[in-house]
Structures are given as structure tokens and as C-alpha cells.
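Student: predicted model follows, preceded by the sequence.
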Protein chains: 2
Amino acid sequence: MIKLEVKKGHILQRKGEVNTKVYQVESGLLRSYSIDEKGKEHIYMFAPENWIIADNQSPDTPCELFIDALEDSVVLSTEKVDLTITDVDSEKLIKRLGVLQNRIIMLMSATAIQRYEHFIRTYPDIVQRVPQKLIASYLGITPEALSAAKRAKALKK
Amino acid sequence: MIKLEVKKGHILQRKGEVNTKVYQVESGLLRSYSIDEKGKEHIYMFAPENWIIADNQSPDTPCELFIDALEDSVVLSTEKVDLTITDVDSEKLIKRLGVLQNRIIMLMSATAIQRYEHFIRTYPDIVQRVPQKLIASYLGITPEALSAAKRAKALKK
DNA sequence: CTCATTTCTTAATGTACATTAATGGGATTG
DNA sequence: CAATCCCATTAATGTACATTAAGAAATGAG
């Protein structure tokens, strides 16, 4: 287990690399994201203080995600193989499955603005800390679409 | 742990109920799905033989998903609270996180036809067993869109 | 086998969001 | 302080997919 100090913008993991590490955020903010064929970024997860972030692929396959720092951060890095079964908290894993389940249902059934409202309710602190365009990327839409959706909503009131 | 024989079409769990059970499929095929405000179904997961299916919410909150049988099935039903930590295989949970991760990335970055091709590669057996409209529902599109996408693809060849 | 039901396909139209491009406002750095 | 960069917004146009409706094909029940 190694403690890392990472500067904003530093990339901890790249897609295609063998992914053997799990990162625990002590302070700051990390994110994981994919880049599609057209070069567009899609944020998979934000990881503020006390969150764990990693590529959920088996350790012997190349990973799908990039991980980098959105703020100067302090991170504990652990080798996946060093995590014994007793270390892994099944309850936390199940909780995360629940988060991903809700995310998938939202992506399939909710409009952009509904997903945005759900996000600011669920992660009010992150909204304050990152630019809107990154939230749009998490929601699966463009910053322009998010901007337009908020305007349309404001007009209705 | 109870063994259930469920007929095709039987609903094992409804949205809003307290969700205390985990189902293990011995034979047949189950699915979990949500129904949105407009009454439209969105399939979250197919569960053929040897799969485990459940709502990934904590056992004290009302569940998000319906679970029913797409074929006559035999299912082992277990109370979540009866699953001790030693029962839960962390490795399987992590593998499932990987599956959900890929699903989310696909939903955010791939077109309908790309998601379809990924699906038939990943679950070739399920394609044979369920109508196309259910696969469309899993992919997050309408049956009409899937039909059109396949036609467009065939024309290109 | 026959009828009824479900499923698949096609086509016309509608809509949410993407793309592109331009503009102005903060923030950041030399 | 000026120059630059990043970010948010707006508008025009484009596109993927939804919706609606109809008919054809497959499936299932009696």
C-alpha cells in the first residue's frame, strides 16, 4: 500500500494497461472515464474523499477506463492481489451494485433533465466542485444539451 | 432456502415491495425490469441457468425492479439476511461490477446497432431464447429501431 | 388444422439530443 | 495588467431514435 500525492490533471491509469490497482481517495477528487472511437470522453465515476475507485475488470485483462485527478489529491494505492477476501467488504460491493443499477435504469428510461436533477440530489457536493461539462459527460449528454435543458426547465416556472 | 417452480409469466417480485430475497436459477430463464412513468418496460437483466438475480437495493428499502419468469423455471429462493458473509463470493460480485461497468459505458457511447452486436456476441444463447423485442428493451431501444438498424446494416453489405 | 395472439417489419412523422460555430465571461498566468 | 485559456451559453442545422399505425409472419391454444 503506497500513499501517492497526485497533481490535478495527472493520469493514474490508462485504458489498455493491465489494471492491478485499487485507489482509495484520502483527499481531493478523482474520476474514471472512457474515451470512445470519436475521441469523446464519458465519465464513469467521480471519487471524492473516502471513495474507492478502480477498473472493475479482472486483473488479467487490459482495463477499459482512464483514471485521473480533477483536483490535487492524496491517494492510497493498493495492488488488487493484496486485497484478501477478508479485506473486501461485501456490503460495500453490494451497495455499489445498487448505485450502478440505478444508473443503468436512469440511462435507459429518464430524460437528460431528469438525470441531471437526480444527480444534484444524490451528489450535491460534487456539483459545486466540477465544471458543468463534466457533469454532462457523466450524464451521457453534451454540455450544450445540459445548458438547453436547464433553460427549458427555468422557462416553465 | 426454498425451491420454487415458477410458470412462464409468473411475477416473483414487484417494484415497491420490500426486497428480501435472492433468486438462483436452476433451470429456465428469469428477467428483472423496471417500468417507467409512461408504462414502458426496461429490462435490467436476463438470468438463465446458474445465474443469480435480485434487486441490488439494501433490504430495508422498497425495491426498484420487477422479476418474472420468461420460461417455466426452477428457482432457489434465499432470504438476503440468511446469506452470511462467507456465502457471498466477492469475486463474483466484482465480476458483476465489471459487467455493469461495460453496460454503462455502452449505453453512454455506443449506437444501438453496436450495442446489439455486443449483446449477441456476449449472450448468444439468450438471443435464441427470447423475442427480439425483449432484447431491444435490454438495449434501451424500441423493437422498431432494432428492426430498422438490422436492415440498415444488412443493406451496407 | 384453425383461429387468436404475439411478434416482426415497414413507413410517416415527431422529438430529444448531437454537432458546429460564434460570443462573452471568468479564471489563470506571465 | 494584458493575453490566454477554459467554460457556459445560444442558435442553426443534422441525426438517431421514438411514436404511431398498419399489415405480414410466426407462435401457440384448443
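Tutor: Arrived safely, thanks for sending.
Student: how about the contacts made by the most centrally placed residue in chain A?
Tutor: When C-alpha atoms, centre = their mean is applied to chain A, the residue found nearest the centroid is residue A:45 (1.0 Å). By C-beta atoms under 8 Å, 6 or more residues apart in numbering or on different chains, the contact set of residue A:45 is A:31, A:32, A:53. Backbone N, C-alpha and C define where each C-beta goes, glycine included.
Student: what's the distance between the spatially closest residue to residue A:145 that is not a sequence neighbour and DNA strand C?
Tutor: Distance criterion C-beta to C-beta, 6 or more residues apart in numbering or on different chains; nearest residue to residue A:145, sequence neighbours excluded, is residue A:112 at 5.8 Å. For residue A:112, the distance to DNA strand C (C-beta to the nearest atom of the strand, to the nearest Å) stands at 4 Å.
Student: neighbouring contacts of the helix or strand of chain A with the lowest mean pLDDT?
Tutor: Every helix and strand of chain A was ranked by mean pLDDT, DSSP states H and E. The lowest is helix A:143-156, at a mean of 88. With C-beta under 8 Å, 6+ apart as the test, helix A:143-156 has contacts from A:111, A:112, A:113, A:116, A:132, A:133, A:135, A:136, A:139, A:141.
Student: distance from the chain centre to it, please.
Tutor: 24 Å (C-alpha atoms, centre = their mean, to the nearest Å).
Student: and if you look at stretch A:112-131?
Tutor: With C-alpha atoms, centre = their mean, you get 13 Å for stretch A:112-131.
Student: same question, stretch A:8-20
Tutor: Distance, centroid of stretch A:8-20 to centroid of chain: 13 Å (C-alpha atoms, centre = their mean).
Student: could you do stretch A:101-114 as well?
Tutor: With C-alpha atoms, centre = their mean, you get 16 Å for stretch A:101-114.
Student: mind listing what's buried along that stretch?
Tutor: For stretch A:101-114, the neighbour count (16 or more other C-beta atoms under 10 Å in any protein chain shown) marks A:101, A:102, A:103, A:104, A:105, A:106, A:107, A:108, A:109, A:110, A:112, A:113 as buried.
Student: all helices of chain A, in order?
Tutor: A:90-109, A:112-122, A:124-129, A:132-139, A:143-156 (DSSP state H).
Student: can you say which of those is packed in most?
Tutor: helix A:132-139 (a mean of 19; mean count of other C-beta atoms under 10 Å in any protein chain shown).
Student: and that helix, what does it pack onto?
Tutor: strand A:41-47, helix A:112-122, helix A:143-156 (3 or more C-beta pairs under 8 Å, 6 or more residues apart in numbering or on different chains; DSSP states H and E).
Student: now those in CSV, with distance to residue B:78?
Tutor: Below are the helices and strands packed on helix A:132-139 laid out as CSV (distance: least, C-beta to C-beta, whole Å):
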stretch, distance to residue B:78
strand A:41-47, 30
helix A:112-122, 30
helix A:143-156, 42
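Student: residue B:127 is nearest to which of these?
Tutor: Nearest to residue B:127 among these is strand A:41-47; the distance by C-beta to C-beta comes to 26.3 Å.
Student: quick one: distance of that closest one to the chain centre.
Tutor: With C-alpha atoms, centre = their mean, you get 3 Å for strand A:41-47.
Student: just to check, residue A:105 is in contact with residue B:32?
Tutor: No - using C-beta atoms under 8 Å, residue A:105 is not in contact with residue B:32, being 10.2 Å away.
Student: what sits in contact with each of those two?
Tutor: With C-beta under 8 Å, 6+ apart as the test, residue A:105 and residue B:32 both reach residue B:44.
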